[in-house]
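Chemist: I would like to see how this sequence folds:
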Amino acid sequence: MTALNVKDIFNDLHQIPEVGFQEFKTSAYLADKLEALGYEVTRNLGGTGVVGIVKGAEPGPVMLLRADMDALPFVIDGEHKAIHACGHDAHCSMVLAAASLLKDKVKRGTLKILFQPAEETLGGALAIIDAGVLEDVDLAVGLHIRPVQDLPFGKLSPAVHHSSSTFANIKITGRSCHGSRPHLGVNAVETAAAIINAAAAIKVNPTVAWSCKATAVKGGGSAYNIIPDSAEVTFDVRSETNEDMTELLDKLRRVAENVAEAYGAKAEFNLPGGVIPAAVLDPALTAEVAECIKEVAGEENLAEELKNPGGEDFHYFARTYPNLKSAYFGVGVAAEPGLHDPNMHFNPDGLQAGVDVLEKITLKKLG
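Modeler: You can find the predicted model right below:
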């Protein structure tokens, strides 16, 4: 079977960027290619997700290769645009090219190729989980191109350890009154300011990277001489570990509720987007990925494992299925000026190394 060229796939996908859960052209393209390769294909999983399956003749594990499909939304000169500013078109290209190499080489177990929707919404992985795609999976491998600040061109990292992240929203209810008689009311804006100041004093384990920062404040009455009875504060919260994230959120909740009570107000604490789990990667599978990198790219191109304060919904897989072993590696393509920049660009010549690593690690398990 003729292998697909990763740069040709990338050039096709880069022309049809679509935002989360609207990847209709993208998913159709990928599903059609998988079917042409001879995979058993299921479409519209979790919305627009695509899964291709090939089974070996001998018993073995179920292994999943995952790529995210969605582009990012931007408003440029007043026009709404979808732009592949995070490299998801590159991820799909590498996984599809690897699938073309692997179709006739799977001897043991089952290979699942997953093209996942809506990673940027941080809801795509949960939709795929709800669709039952991960129920029988033993091994899952994901990958991401890295900005030049993380990896030089041609280098590959065997692990990208994303952090846990969430948005914490605090709605404050006070009591309005005339500005000349503030003692008759409870100022929700002042309460919000006190919560922000108190949150700055939160501390957790100093050996773990974490942050808790106010990023939005809303409040104010219908007129400037009215003591406001409502306000809202949003915090961006991140932690290197899931355990410290739990502690951090508990302290932030108690700060909000206790400070509000001290001011005579009420605080409603919620996490509207849920909590994205930190990476819990399997050490043995990660070590095998490192060996694959050395085999296909040379030991000189094996980089160190990376720690990343960003979130990635791939890690919902291992959190939902604790027995699942996962690996997630980084591909150096000199992406600049940075991910999520509408002008992000990179050297696609670096994508073939990602394809080769995917093929190599899959054959170690299923070949």
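Chemist: I'd say Ala188 and Gly174 touch.
Modeler: Yes. Ala188 is within contact range of Gly174, at 3.7 Å (criterion: C-beta atoms under 8 Å). For glycine as for every other residue, the C-beta is placed from the backbone atoms N, C-alpha and C.
Chemist: These two - which one has more neighbours?
Modeler: Neighbours per residue (other C-beta atoms under 10 Å) separate Ala188 from Gly174, with Ala188 holding more: 28 against 24.
Chemist: ok, now how distant is that one from Ile170?
Modeler: The gap separating Ala188 from Ile170 is 11 Å, by C-beta to C-beta, to the nearest Å.
Chemist: so where do the helices sit in this structure?
Modeler: Taking DSSP state H as the criterion, the chain contains helices spanning 6-14, 24-37, 88-102, 124-130, 188-199, 242-262, 283-297, 316-320, 351-366.
Chemist: What residues of the third one count as buried?
Modeler: Neighbour-count burial for helix 88-102 flags 88-102 (criterion: 16 or more other C-beta atoms under 10 Å).
Chemist: Among those, which one lies nearest to Val41?
Modeler: Ala99 (10.8 Å; C-beta to C-beta).
Chemist: what's the pLDDT at the closest one?
Modeler: At Ala99, the pLDDT value in this model is 98.
Chemist: what residues are up against it?
Modeler: Going by C-beta atoms under 8 Å, 6 or more residues apart in numbering, Ala99 touches 34, 37, 39, 52, 65, 111, 113.
Chemist: my guess is the fourth one contacts Tyr39, does it?
Modeler: I take that to be Gly52. Yes. Gly52 is in contact with Tyr39 according to C-beta under 8 Å; the separation is 3.4 Å.
Chemist: of these two, who's got more company?
Modeler: When Gly52 and Tyr39 are compared for neighbours, Gly52 comes out ahead with 25 against 22, by other C-beta under 10 Å.
Chemist: what about this structure, any weak spots by pLDDT?
Modeler: For the chain, the stretches flagged by pLDDT under 70 are 1.
Chemist: Could you chop the chain up by domain?
Modeler: Following automatic domain parsing, the chain resolves into domains at 6-162+279-366, 164-270.
Chemist: Deepest-packed of these, please.
Modeler: Mean neighbour count (mean count of other C-beta atoms under 10 Å) peaks for domain 6-162+279-366 among the domains of the chain, with a mean of 20.
Chemist: Can you give the distance of that one from its chain's centre?
Modeler: Centre-to-centre, domain 6-162+279-366 and its host chain are 11 Å apart (C-alpha atoms, centre = their mean, to the nearest Å).
Chemist: measure it end to end?
Modeler: End-to-end span of domain 6-162+279-366 (C-alpha to C-alpha, to the nearest Å): 22 Å.
Chemist: Please apply the same query to stretch 271-282.
Modeler: Distance between the two ends of stretch 271-282: 28 Å, counting by C-alpha to C-alpha.
Chemist: can you list contacts of it?
Modeler: Contacts of stretch 271-282 with the rest of the structure, by C-beta under 8 Å, 6+ apart, involve 122, 126, 159-169, 239-242, 245, 249, 311-313, 315-316, 318-319, 325-328.
Chemist: let's see it at 6 Å
Modeler: Here stretch 271-282 makes contact (C-beta atoms under 6 Å, 6 or more residues apart in numbering) with 122, 159, 161-169, 241-242, 311, 315, 318-319, 325-327.
Chemist: quick revisit: quickly name whichever of the contacts of Ala99 is closest to Pro206.
Modeler: Using C-beta to C-beta, the contacts of Ala99 come closest to Pro206 at Leu65, 37.8 Å.
Chemist: And the closest one, how close does it get to Gly142?
Modeler: From Leu65 to Gly142 the distance is 8 Å (C-beta to C-beta).
Chemist: before we move on, what about Lys325?
Modeler: Remark: distance between Lys325 and Gly142 (C-beta to C-beta) = 12 Å.
Chemist: ok so, going back, filter the contacts of stretch 271-282 down to the ones in strands?
Modeler: Among the contacts of stretch 271-282, the ones falling in strands (DSSP state E) are 161-162, 164-169, 325-327.
Chemist: and stretch 144-153, C-alpha only, in CSV?
Modeler: Extracted in CSV, the C-alpha atoms of stretch 144-153 (Å, rounded to 0.1, in the frame of the first residue of the first chain):
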residue,chain,number,x,y,z
HIS,A,144,1.9,18.0,19.7
ILE,A,145,4.2,20.2,17.6
ARG,A,146,6.2,22.5,19.9
PRO,A,147,7.0,26.2,19.6
VAL,A,148,10.7,27.1,19.1
GLN,A,149,10.8,28.3,22.7
ASP,A,150,10.3,24.6,23.7
LEU,A,151,12.2,22.6,21.1
PRO,A,152,14.6,23.4,18.3
PHE,A,153,13.8,22.1,14.9
